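Engineer: below: sequence and its predicted model.
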Amino acid sequence: MKLETIALRNFKCFQELKLELHPHFNVLLGVNGTGKTSILEALRVAIGSLYLGLDKYKNRIEVPGIVNDDVRLDHLEQQFPAEVYARGTMESLRDHFGPNAMAWKRSVETRGGRTRYGEATQILDYARALQRSVRAGKGENLPLLAYFSTDRYKKERHERKVLKSGTRLRGYYNALDQRTNIKFFLDLYMTETLDQLQTGEKSPVLEAVNTAVRQCVQCKSVTYFVKQQEICLEYENGERMPFHLLSDGVRSTLAMVMEIAYRAYLLNPHLGADAPLKTSGVVLIDELDLHLHPEWQRHVANDLRRAFPNLQFVVTTHAPLIISSLSDCRIFSIADNKVYDFPLQTGRDANYILQQMDVPAMDEAYEAKFVKYMHMIEQGNGRTDDAQKLRKELNDLMGENHAELKRADMLLSFY
C-alpha cells in the first residue's frame, strides 16, 4: 500500500489542501500550529479506511473517522462537508481482480453525522478480499499501517488478556491509536525468547526485530535476559543497558523500530525474518526528532528507510539536521493553511536550512552585534580594539566555536 495523493476539504484548519506524496519518504515542515499534525490525522483517516472491510476487534481494531473537532470552523460555524480524499496503489491479490490503483473518500455531511464510506467502495472491496485470504490462509501480504503521535509511549494502553498468539490481524491492534502499548511488544519479545529456549529453534521474529534495531539504534542486539527478567540493549563493547534506563530519545526510537518490525512480522509471518524488509504500507510519525540528540537526527530518517525499504513514511519535524540528511524524498512547508514545496537541502548547513525555513540562524539578542561585527570586518576594521571587544562579547554569548563565528574568522583572514 502506498498513497499517491491526499486531498482535504474543511478538515481542521484547511479549507482546501492537496499533497502529491513521495512513495518512500515525506516531510512536513512548519511552525507550531500550522497544521502538520492535522495532515497526519487526515492521513490516519485515509489509511484507516482499510479497516472498513476487516474483522473488528473491540478496542483494538476500530475504523478511524472524521470527528466533530476535525470539522473546520469559519465565523465559529462548522463548515460542511468535511472530506478526506486519497488515491493510492495496493498490492495485487490472486483472487481480487480490481484495480491496483484506487481512490476513495471519507466525509461528514452534517453536524453530528457519521463518517460516510459510500465513496470508499474500492478500498472496502480490497479489504474484504484481504480478509477472505487471511481466513483461507493464502499468505497474501497485508499492508502495515502505523501512527506515532507526539505522546507515543507516554499514553500507555494498559490492557488485560492481550493474546500472545492468534490472528494475523494482531499486527493492526491499536496501530492507529494515539496511545501505544509498548508493554505488549516487550512481552512478545520475552515470550519469543522463552519459546526459542524451549524449542531450540531460532525465532524468525526475534531475528527480524534485531535486524531492524541494528539498522536504527547502533547496537549489537536486543536481548531478553531470563534471570534478570529484563530486556536490554547489548553494545559491541559488551555493555548492557536495561530498557527502562535508556534515554528518552533512544527508548522512543528503539520502541518505535521494534513496534514497526513486530507489526510487519505479525501481519506477514510467511515472510519470516524478511518481513520488515518486504512488507509495504504507510507509517505516520509526528515529530520524528522527538528527544533525539543532533547526532541521531543526522541519520534516523535514512536508518528507517534502510530498515523498512518498502514502507512509505510521512513525518513531521522541526530539525534541520533531519532535512539535510535526506535526498530521495519530498518536503512540504505548511504555512497560512496552505502547502508549499520545500526544496531538498541535502548536505546543507543547519543555519542555512533555518534561514530557508524563515527561522533566524541566531537569537535576536546578539544578531545585531554579529551583523555589526561582520560589517567591521568587511570595512577592514576587524582587527581594531573595538572589533576585538565586540568579538569577545560574541564569544561569551555564542561560544567561540559557533559556526557563524568560524565563518567570520574565515572572512577576517582575507583582510
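Structural biologist: Sure, I can see it. If you're wondering where the values come from, they're calculated on a predicted model, not measured in any experiment.
Engineer: tell me the centre residue of this structure?
Structural biologist: The central residue of the chain, meaning the one whose C-alpha is nearest the mean C-alpha position (C-alpha atoms, centre = their mean), is Ile285 at 2.3 Å.
Engineer: so it sits against Phe148, correct?
Structural biologist: Yes - A contact is recorded between Ile285 and Phe148 when judged using C-beta atoms under 8 Å, the distance being 4.7 Å. Bear in mind the C-beta positions are built from the backbone N, C-alpha and C, glycine included.
Engineer: which neighbours do those two have in common?
Structural biologist: Listed contacts common to Ile285 and Phe148 are Met256; contacts here mean C-beta atoms under 8 Å, 6 or more residues apart in numbering.
Engineer: for the residue nearest to the centre of the chain, list each beta-bridge partner.
Structural biologist: The partner list for Ile285 in beta bridges (DSSP bridges) reads Phe148, Val315.
Engineer: next up, the contacts around it.
Structural biologist: Contact analysis of Ile285 by C-beta under 8 Å, 6+ apart lists 148, 256, 313-316.
Engineer: what comes up buried for the one helix or strand Ser133 maps to?
Structural biologist: Secondary structure from DSSP states H and E places Ser133 in helix 121-135. Taking 16 or more other C-beta atoms under 10 Å as the neighbour-count basis, helix 121-135 is seen to contain the buried residues 122-124, 126-127, 129-130, 133-134.
Engineer: repeat for stretch 224-233
Structural biologist: By neighbour count, with 16+ other C-beta under 10 Å as the criterion, the buried positions of stretch 224-233 are 224, 230-233.
Engineer: distance from it to the middle of the chain?
Structural biologist: For stretch 224-233, the separation from the chain centroid amounts to 28 Å (computed by C-alpha atoms, centre = their mean, to the nearest Å).
Engineer: one more: stretch 9-24?
Structural biologist: Centroid displacement of stretch 9-24 relative to its chain, using C-alpha atoms, centre = their mean, is 17 Å.
Engineer: check the separation of the first and last residues in it.
Structural biologist: Between the opening and closing residues of stretch 9-24 there is a gap of 25 Å (C-alpha to C-alpha, to the nearest Å).
Engineer: now do that stretch, average pLDDT.
Structural biologist: Stretch 9-24 shows an average pLDDT of 97 in the prediction.
Engineer: give me the contact list for that stretch.
Structural biologist: 2-8, 26, 34-35, 38-39, 41-42, 66, 70-72, 74, 79-85, 305, 309, 311-314, 328-330, 332, 337-339.
Engineer: if we can go back for a sec, from the buried residues of stretch 224-233, which land in strands?
Structural biologist: Counting by DSSP state E, the members of these that fall within strands are 224, 230-233.
Engineer: grab the longest strand from this structure for me.
Structural biologist: The residue-count maximum for a strand in the chain (DSSP E) belongs to strand 2-11.
Engineer: quick one: distance of that one to the chain centre.
Structural biologist: Strand 2-11 sits 17 Å away from the centroid of its parent chain (C-alpha atoms, centre = their mean).
Engineer: now that strand: buried residues?
Structural biologist: Of the residues in strand 2-11, 2-4, 6-11 count as buried by neighbour count, 16+ other C-beta under 10 Å.
Engineer: and if you look at stretch 19-26?
Structural biologist: Judged by neighbour count (16+ other C-beta under 10 Å), stretch 19-26 contains these buried residues: 19, 21-26.
Engineer: of all these, which comes closest to Glu295?
Structural biologist: Closest approach to Glu295 among the buried residues of stretch 19-26 (C-beta to C-beta): Phe25, at 20.1 Å.
Engineer: can you give me the helices in the stretch 151-300 of the chain?
Structural biologist: Listed in chain order, the helices of the stretch 151-300 of the chain (DSSP state H, counting those that start in this stretch) span residues 182-199, 204-217, 248-267, 275-278, 294-297, 300-307.
Engineer: show me what the third one is packed up against.
Structural biologist: The helices and strands touching helix 248-267, judged by 3 or more C-beta pairs under 8 Å, 6 or more residues apart in numbering; DSSP states H and E, are strand 144-148, helix 182-199, helix 204-217, helix 275-278, helix 300-307.
Engineer: tell me the angle it makes with helix 300-307.
Structural biologist: With axes from the mean of the first three to the mean of the last three C-alpha atoms, to 10 degrees defining the directions, helix 248-267 sits at 20 degrees from helix 300-307.
Engineer: and helix 248-267, average pLDDT?
Structural biologist: Mean per-residue pLDDT for helix 248-267: 92.
Engineer: do the same with the first one
Structural biologist: Per-residue confidence for helix 182-199 averages out to 88 on the pLDDT scale.
Engineer: nearest to Gly249, of the buried residues of stretch 19-26?
Structural biologist: Taking the buried residues of stretch 19-26 together and measuring to Gly249 by C-beta to C-beta, the closest member is Phe25, at 20.2 Å.
Engineer: returning to what we had before: and which of the buried residues of helix 121-135 is nearest Asn381?
Structural biologist: Each of the buried residues of helix 121-135 was scored against Asn381 by C-beta to C-beta, and Ile123 proved nearest at 67.7 Å.
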